[in-house]
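*Asks:* Fold the stuff below for me.
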Amino acid sequence: MPTRRVVSTVLPLLCLTAALSCKPKIPEPEPAAPASAPAVAEKPTQVAVPAAPAAPREGWSEVSVDNTLPLCVFADAGARESAKTIAEVKKQLLRGDRPVVFGVYSPKCVDPKCDELSTLQCSVERSGNTLRLQTKYRGFHKDGATCQGDCRHATAGCESPVLEPGEYTLEYGGTTVPLKIPSALNMPCFKRS
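*Replies:* Residues are numbered from 1 along each chain as shown. Purely as a prediction, here's the structure:
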């Protein structure tokens, strides 16, 4: 009966093996994802918006000038862009059936150590043969400061509609100035007196 003894010994082992193999398998933890690098915050893009500056910080005063800024008449945008200061403005030859360009200059030079948040604007509107000009300068100046080391000049420009040959009137800051198209302007700059 050796066979019976083998069966009686082997049978419990087979049952034990079967029982162990039928146990639910405990899932192994999945390997952790590699640690990612910390997110780096990107610098926001700053966009210059020609709007009124925010309120000044303590020790800074607002500078606001409307319709009294130095103003010049140019034949085109290239002539205006080449004149960074009023001293650089040259004689202008205005032609008919083209727009003219007006250039406006800040009331003083701007030094980043003493002045900030400056905006300079110019607009022109035509009504018949009258051109109405509006200019606006806004900025802040550090109280008591007299910086002159890094002086920069601020300019802005605006273009009229096409002007046919004829006589026009410029209205600016309570002053009226005649303008003839075509013409040569030896002294193309003016401002409110």
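
*Asks:* and the strand or helix carrying residue 132, which residues are buried?
*Replies:* According to DSSP states H and E, residue 132 maps onto strand 130-142. Neighbour-count burial for strand 130-142 flags 131, 133-142 (criterion: 16 or more other C-beta atoms under 10 Å). In short, each C-beta sits where N, CA and C put it, glycine included.

*Asks:* Just the pLDDT for residue 147.
*Replies:* pLDDT, residue 147: 81.

*Asks:* tell me the phi and psi of it?
*Replies:* Main-chain torsions, residue 147, degrees, to the nearest 10: phi -70, psi 140.

*Asks:* Identify the residues contacting it.
*Replies:* Counting by C-beta atoms under 8 Å, 6 or more residues apart in numbering, residue 147 touches 111, 113-115.

*Asks:* Could you do residue 131 as well?
*Replies:* Residue 131 sits next to 124-125, 160, 168-171, 179 when contact means C-beta under 8 Å, 6+ apart.

*Asks:* Kindly state the beta-bridge partners for it.
*Replies:* residue 126, residue 170 (DSSP bridges).

*Asks:* First-to-last residue distance for stretch 147-164?
*Replies:* One end of stretch 147-164 to the other measures 46 Å (C-alpha to C-alpha, to the nearest Å).

*Asks:* Export the buried residues of strand 130-142 to JSON lines and append columns for pLDDT and distance to residue 57.
*Replies:* Shown next, in JSON lines, are these (pLDDT from 0 to 100; distance: C-beta to C-beta, whole Å):
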{"residue": "131", "pLDDT": "98", "distance to residue 57": "38"}
{"residue": "133", "pLDDT": "97", "distance to residue 57": "32"}
{"residue": "134", "pLDDT": "97", "distance to residue 57": "28"}
{"residue": "135", "pLDDT": "96", "distance to residue 57": "26"}
{"residue": "136", "pLDDT": "95", "distance to residue 57": "22"}
{"residue": "137", "pLDDT": "93", "distance to residue 57": "19"}
{"residue": "138", "pLDDT": "93", "distance to residue 57": "15"}
{"residue": "139", "pLDDT": "91", "distance to residue 57": "13"}
{"residue": "140", "pLDDT": "91", "distance to residue 57": "8"}
{"residue": "141", "pLDDT": "89", "distance to residue 57": "12"}
{"residue": "142", "pLDDT": "90", "distance to residue 57": "9"}
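
*Asks:* ok, so of those residues, who is nearest residue 68?
*Replies:* Closest approach to residue 68 among these (C-beta to C-beta): residue 135, at 7.8 Å.

*Asks:* Show me the helices in the chain, by range?
*Replies:* Applying DSSP state H to the chain gives helices spanning 2-21, 77-82.

*Asks:* Between these, which has the poorest mean confidence score?
*Replies:* Set side by side, the helices of the chain differ in mean pLDDT, and helix 2-21 is lowest with a mean of 42.
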